[in-house]
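A.B. asks: Need a 3D model of the sequence below.
(chains A, B, C and D)
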Number of protein chains: 4
Amino acid sequence: MVRVGIIGATGYAGAELVRILSGHPKAKITLITSRQYAGMRFDKIFPSMEGHVDLICEELSAERMCKRADIFFLSLPHKIPMEIAPVLLDNGKKVIDLSADFRFRDPVAYETHYQNHTAKDLLEKAVYGLCEVYREKIRKADLVGNPGCYPTSALLPLLPLLKAGLIDGKNIIVDSKSGVSGAGRSLSLSSHFCEVNESFKAYKVASHRHNPEIEETLSFETGKSIKITFVPHLVPMTRGMLTTIYARPAKNAAPGDIGVCLSSFYSGRPFIRICGENRLPDTMHVRGTNYCDIGFRMDKRTNHLVLISAIDNLVKGASGQAVQNMNIMMGFDETAGLMQVPYPL
Amino acid sequence: MVRVGIIGATGYAGAELVRILSGHPKAKITLITSRQYAGMRFDKIFPSMEGHVDLICEELSAERMCKRADIFFLSLPHKIPMEIAPVLLDNGKKVIDLSADFRFRDPVAYETHYQNHTAKDLLEKAVYGLCEVYREKIRKADLVGNPGCYPTSALLPLLPLLKAGLIDGKNIIVDSKSGVSGAGRSLSLSSHFCEVNESFKAYKVASHRHNPEIEETLSFETGKSIKITFVPHLVPMTRGMLTTIYARPAKNAAPGDIGVCLSSFYSGRPFIRICGENRLPDTMHVRGTNYCDIGFRMDKRTNHLVLISAIDNLVKGASGQAVQNMNIMMGFDETAGLMQVPYPL
Amino acid sequence: MVRVGIIGATGYAGAELVRILSGHPKAKITLITSRQYAGMRFDKIFPSMEGHVDLICEELSAERMCKRADIFFLSLPHKIPMEIAPVLLDNGKKVIDLSADFRFRDPVAYETHYQNHTAKDLLEKAVYGLCEVYREKIRKADLVGNPGCYPTSALLPLLPLLKAGLIDGKNIIVDSKSGVSGAGRSLSLSSHFCEVNESFKAYKVASHRHNPEIEETLSFETGKSIKITFVPHLVPMTRGMLTTIYARPAKNAAPGDIGVCLSSFYSGRPFIRICGENRLPDTMHVRGTNYCDIGFRMDKRTNHLVLISAIDNLVKGASGQAVQNMNIMMGFDETAGLMQVPYPL
Amino acid sequence: MVRVGIIGATGYAGAELVRILSGHPKAKITLITSRQYAGMRFDKIFPSMEGHVDLICEELSAERMCKRADIFFLSLPHKIPMEIAPVLLDNGKKVIDLSADFRFRDPVAYETHYQNHTAKDLLEKAVYGLCEVYREKIRKADLVGNPGCYPTSALLPLLPLLKAGLIDGKNIIVDSKSGVSGAGRSLSLSSHFCEVNESFKAYKVASHRHNPEIEETLSFETGKSIKITFVPHLVPMTRGMLTTIYARPAKNAAPGDIGVCLSSFYSGRPFIRICGENRLPDTMHVRGTNYCDIGFRMDKRTNHLVLISAIDNLVKGASGQAVQNMNIMMGFDETAGLMQVPYPL
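C.D. replies: Prediction:
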C-alpha cells in the first residue's frame, strides 16, 4: 500500500480526495492537513464519512510530514504549493498539485495570470496531468500539475481533432457551465445559496485564468499559437460541468471523421465515453464519476462543429483525475479506486 | 377597459397571462379556456391566485366567444391557432398568438419546421411582435405573432449591432440556456423533477425550431441571408433564460461603439436595460419581469464580441411581451401592467 | 405621501422592504442605510431594481436622519435597534423594528434568550405587530416589534383555536420548515450553496429563540402558561416557510368547528386564506406575497388536529408584515402596496 | 456468484438495484425486465451506466425466467408481485418484493389500504425485511416484504425505545419529509419540475398508506395497539428522507438512557449511526448510502423526546435495504456491495 498525504483535506477537492483514496485498493491515507480545522476529526467536518474515515486534521509542516507518506496531494490555494513542493521533492516524495502552480510550461504565462513564481526550475520537471494525453510522461513524473476543471473539459474534446487537423485552430469558442462546488468551500457571496439558486449567469467573460491554461496546451500540442474565446457560466447545482465548443471543421472533414478520430484517440482510455448519435452528454450521467463524456453534432448549414463534454468538476475536473495521475505514476491500474458503478440519478 | 380572452389559460404561459392581465389597469379578462380543466375555477388549478382571479375555465369555441372579448391571446399548441385566428379576425377581433403559427413571414420556413400552414394569407397581415423593433407595425396590427423565447433573447442583442454594421453577419454563435418552465406544463420525462434537478445538458443541437425563426428576422432586417449556429441548453431552475452570443466585430468597431449602439437603439425602450462595465446579466435580475438585460465584453485577443442577454422566458419570452404587444396595439402605455418592482431575490 | 427610512436596507429583509415600499402608493422612501455598502447605489447591490430605485446607501446616524423621514423600519441585527429606537421615538417618529428587541412583553424572556435589554421602558409601549391579532393596538402604536417568521407561521393558525378553546394548550408540537433566505445575506457555511442544496435537516431543536416568542403570545392571549415543542428545519429553496402543528382537539370539537373558528376569526382579514378540504398549503402558493395560507386535517384515529400554515418568510414573515403594520399605523388601507397578483409558479 | 433477476428495472428503485448489484462482489444480474423499455439496453435509459451494465430489458414472464436466476427482486407496482411471487417461490426461488404486497402480517390491513389480496397464504411465510430488527427471520426467509421508505425511517428510531419502555406508545407524532425520487419515475404533475422546485408542502395528511405499515410493526413488537399521527411532506431535492418524531419519554427516562438504548440496540449493526450530542442527522450525510443516521434531543421544558432519522429513500428506504436483505438471506456479509465511501457533498 502506498502511503498518501493529503495537504488541504477539508476543501471540497480535498474532501473528495479523502473519499476516493479511502476506498482505494492500493493506497492508505496516512495524514491529512487543514489550516482551519487542525486538531479536528475529519468526519466531524464531513459527517457522511463517519465509519469510513477516522483521520484527524493536522497543521501543515512539509518537513515533518515527509516521513509519513510516499506521495502527496496538494489541494491548497495557489502560491502555497510552490513553497511546499520543493521540500517534498527534495525528500524524494512524489507530488500531485491541484493548484495552478505547476500547470504551466511557461513561467511568464503563470506570472501574468497568477503571481510571481518562486520555483520556476520545477516547471520543467512538472508534467501536466491530463491523463489521457500525457500518460507516458506522467508515468515517469515526480511532480504533476493537475489540470483545472475547465481545461480538462475543453482539452479532452479539442485535442484529438486539432492534432488530426480535423478542425481549424482559429475561432474556437468555448462556452462552459459549471456547478457551484467549483467555487470551493470558502465563504463568498457568489456561493451564498440565495444568490445562486434560481440564477444563471456568465462570469469572468474572456478573462478567466483557465483561459491561458487551455491555450498553452492547445498551442504546445499543435505547434501553433492557438487562442480561444472562453466564457464560463455558473449553474445552480452542486456538481457538474458541461462545455459546449464551437469550431470550424477542416475542409472535407465529415461527421464520421470526427467520431472516428475521437474514438480512436481515446481507444483504451477507460474514462472517456464517446456518445453515439442518439445521446448528448449530461452532467447527471457523470456525476460522482471520473468519466468525461464527449458528444458532437455537425451544423452543416453553418459549417460549424459543436463539441460537448460533460465531467464532474470535482472528480475528473479535480480529485478523480489527481488519483488517476497517482495510479499512473505508481504503476497501478489506471482505474483503481475510480470505477464505482455510477448512480442512475 | 378592454375585454380580454385568454385561449389556453392553464399552461404556464397562459397562467402567466392571467397573472399579468389580472393586474392590468386597462384590461379585464372576460373569458379563459382550457381543454383539460374546462368547468373548473382557475384558482383551483393555480391556488396562488385565490382571491385575485375568480374565473372559470371554459371549452374553446371561437365563434361563440367573439362577442365576449375585444382582444384574444392564443396560448395553444402550434396548429390550433391557425384554425381559430381567422374566425376571430373575421369578427373584427384583435389576436396575439403565442405559438409559432404567425411568426414567420415565409410560409415555406414554417412548413419546413412545423407543418402544413392552413392560413397562409394571414401571414402577410401578421406582425412579428418583437416590440422594441416593430413597435410601429404592431400599433396597426390586428394579428401579432408573439416571438419565441429564444428568438427574443437572441434578436434583441443582435439586431442593433447587425443593422449598424458593427458585427459580421457570418459565424454568429448563439449558445442559450433556459429554465425548465420553457418546456411547459405538459408531462414529459424531460421535465420530470429527478431527470432535470442537478443536471445540465444541451438539447436539439443545431436543430431547434427557434433557429429558423431567429434567422428569418436577422435576414429580413439586414437584407442578407444570415445563418446562425444555435444550441439550447436546459438549466435546473424554473424561470429564466440566458443567451451568450459570439460574433466578430466589424473592423474598427471599438467596445465603446457597441455600448453606444445598443444604448441609442434602445433609448426610450423601457424594458431593455444595457448593463454597464461592472455588471453582467443574470437571470435572477429579471425574474418575474418583462426586462431584457443586455451586457457585452470584447475579447480583443481573439477579436470576438461576447453578447449576453437575460430574460424571464415566461415574461419577456412569452406572456409579458404578449401584453406589451397588446399595450401597443391598443394605444396604452407600453408598460401598463408590466412594471411591478422586481424582487431582490 | 409618508416619508420612510429603511435602516439596514441591504440584507434580504431590508431589500424586500425597499421592493415593497418602492411600489407603495402612499409611501416614499427618503433614506436607506447600510453599514457594508454606504455610499453605493442600492441598485448596484440588487441589480434587479435598476430603473426602479435610485437611492444611495448611507451610514446610519439616528439623530441626523430624524428630519428626513416620518416612519422608520429597522432591519438590523438584534441589539442595535434598542439603541436607535429611543432616539427616533424621542423625535416623534414611528418605528417598526424587525429584530427581536421589541417583540417581548417580558424583558426577562428577552434577556434570557438574547442579551441585556437597554431600553426596557419601551417594551411596555411597544406593540407586537402580529397584524391580524393586534390591529387595534397597532393603530395607536408608535413602536412595533415586528414578529419573527416562525412565530407568525405558528401563531396565526394556533391563536384562534386556543382562544376558542377548541384545542388543548398542552402538548402542542410545532414542526417548521424554512427556506434559506431566512438565514439572511451574511456569509455562513450553513447558507453556502453546496452545504444546503440537496440537503434537508433540523437545527436548533427545541432551542430556537423563536420558541419563547411563540410561547409568550400564546400564554398572554390565553391567560395560561403554554409551552410548545418547536423544531425548525432548513429546506433547499430560497423563500417559503411551512409549519405543521400537532394539537389535541378539545372534546366535542368537530372538524367543522375548526374551519368555522378559523374562518370567522379571520373574516375581513385580507391576508389570511383558509384552505378548503381539497387544498393544503404549499409555500409556492404564497411565494412573494403577504398571504398566510392555513389548512388543517383531523386525524380521528389518534385524535390529533394537524394544522398547516404557509407563508413567504421574507414577506408575511418579515417585510410584508412590517409594511402591513405601517399601513395600520398610518391609517392606510391595510393592503396598500401588498396586493400584487401572485405568480402561478 | 448468486444469479439475480430484477423484475422492473427501469423505475428509480429498479435502477438503483441495478447500480448496487452491478458492483456486488457475490451477485451477478442475469436478467432485468421492463414493460416500458423491453428490448432496449439498460444503459440507453440510464446512460450514466454505460460501460458498467450491458443488460437488455426483457418482457416479464415469471415462469420462463425461473431458470435464469436464483433470487428475484420485484420492483413493480402493487398487485403484480402477488401474482408473480407464487410462481417464483413454487420454483424454489427466493423473492424480495419492494412493493407493499408482502409487508403486512394482517391481510385485512393490506386490503383496507390497498386492494384485494390474492396470495394471502404467503403473508404468513413472508418476513418483513427491516434488516436490523428481523435479521434472524430474514436469514431463513424465502420471501421478504421490503419495508417502505417512510416505515424504515420511522421504525428504526422508534422500535428500540418502545420495546425498552423508554417512550410512551401513545401520542407519537411522525413528521416526515421526502425527496422527490420517492414518487418514482412515472410521469405526474406532482413530480413535474416546476411544480416541485421552490415548493414545500405536506400531502396525504394522516392518510398515507405507510401509516398502517408503521403501526402494524410497532404494535406487533410491543404487543400493544399503537397508533401514530403521520404527515409526509415533499422536499425539492432528488434523494433523501428526514423523519422528525415526537414522543413522550417514560417517567424517569433520562436523555442518557435514550442514547444508551439506541446504541446498544444497534450495536453491531453497520448501517445505523447514532449521532452524538454535536450532530443532527442531515439527508446529505446519507445520500447514496445505506445508512440510517439517528439523532435525538430531549425537550425537558415540555417533556418531549425529539427523534430524528435520515436515510436515502432509494437506498436504505428501498433498494439498498433490499440488497441488505439478500445478503442476509444468502449468508453473505451484510454489508456486501453496500459500503462505498460516501460523498462529502
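A.B. asks: Surely A:Glu334 is in a helix?
C.D. replies: No. Using DSSP: H, G, I helix; E, B strand; the rest coil, the secondary structure at A:Glu334 is coil, not a helix.
A.B. asks: can I assume it is in contact with A:Asn290?
C.D. replies: No. Judged on CB atoms under 8 Å, A:Glu334 makes no contact with A:Asn290 at a distance of 9.8 Å. Yep, even glycine has a C-beta here, placed from its N, CA and C like the rest.
A.B. asks: Need the residues touching each of these two.
C.D. replies: A:Gln324 (CB atoms under 8 Å, 6 or more residues apart in numbering or on different chains).
A.B. asks: neighbour count winner among these two?
C.D. replies: Counted by other CB atoms under 10 Å in any protein chain shown, A:Glu334 and A:Asn290 do not tie: A:Asn290 has more neighbours, with 26 against 21.
A.B. asks: Chain D versus that one, what's the distance?
C.D. replies: Between A:Asn290 and chain D the computed distance is 11 Å (CB to the nearest CB, to the nearest Å).
A.B. asks: What is the burial count for the closest residue to that residue other than its chain neighbours?
C.D. replies: Leaving aside its chain neighbours, A:Asn290 sits nearest to A:Gly320 (3.7 Å; criterion: CB to CB, 6 or more residues apart in numbering or on different chains). The number of residues packed near A:Gly320 is 30, by other CB under 10 Å.
A.B. asks: what's A:Gly320 sitting at in phi/psi?
C.D. replies: Torsion angles at A:Gly320 (phi, psi; degrees, to the nearest 10) stand at phi -70, psi -50.
A.B. asks: what sits against the residue of the stretch 1-150 of chain A found nearest chain B?
C.D. replies: Chain B sits closest to A:Thr112 of the stretch 1-150 of chain A, with a gap of 12.1 Å, by CB to the nearest CB. Going by CB under 8 Å, 6+ apart, A:Thr112 touches A:Pro212.
A.B. asks: hmm, back to that, how far away is the residue nearest to A:Asn290 from A:Gly179?
C.D. replies: A:Gly320 sits 15 Å away from A:Gly179, going by CB to CB, to the nearest Å.
A.B. asks: ranges for the helices of the stretch 151-300 of chain A?
C.D. replies: Here the stretch 151-300 of chain A has its helices, by DSSP state H, counting those that start in this stretch, at A:193-196, A:210-222, A:255-265, A:283-286.
A.B. asks: Just the buried positions in the first one, please.
C.D. replies: Counting neighbours by 16 or more other CB atoms under 10 Å in any protein chain shown, one finds that the buried residues in helix A:193-196 are A:193-196.
A.B. asks: With the longest one instead?
C.D. replies: Buried positions in helix A:210-222, judged by neighbour count with 16+ other CB under 10 Å: A:210-219, A:221.
A.B. asks: Could you do stretch A:126-145 as well?
C.D. replies: In stretch A:126-145, the ones that count as buried by 16+ other CB under 10 Å are A:126-135, A:138, A:141-145.
A.B. asks: which residues touch the residue lying farthest from the centre of chain A?
C.D. replies: Within chain A, the residue lying farthest from the chain centre (CA atoms, centre = their mean) is A:Arg301, at 34.3 Å. The neighbours of A:Arg301, taking CB under 8 Å, 6+ apart as the test, are B:206, B:227.
A.B. asks: repeat for A:Glu16
C.D. replies: Each residue near A:Glu16 by CB under 8 Å, 6+ apart is listed here: A:314-315, A:318-320, D:343-344.
A.B. asks: Serialize the residues you listed to TSV and add fields for secondary structure and distance to C:Val306.
C.D. replies: Formatted as TSV, the contacts of A:Glu16 follow (DSSP: H, G, I helix; E, B strand; the rest coil; distance: CB to CB, whole Å):
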residue	secondary structure	distance to C:Val306
A:Leu314	coil	41
A:Val315	helix	43
A:Ala318	helix	46
A:Ser319	helix	46
A:Gly320	helix	46
D:Tyr343	coil	35
D:Pro344	coil	37
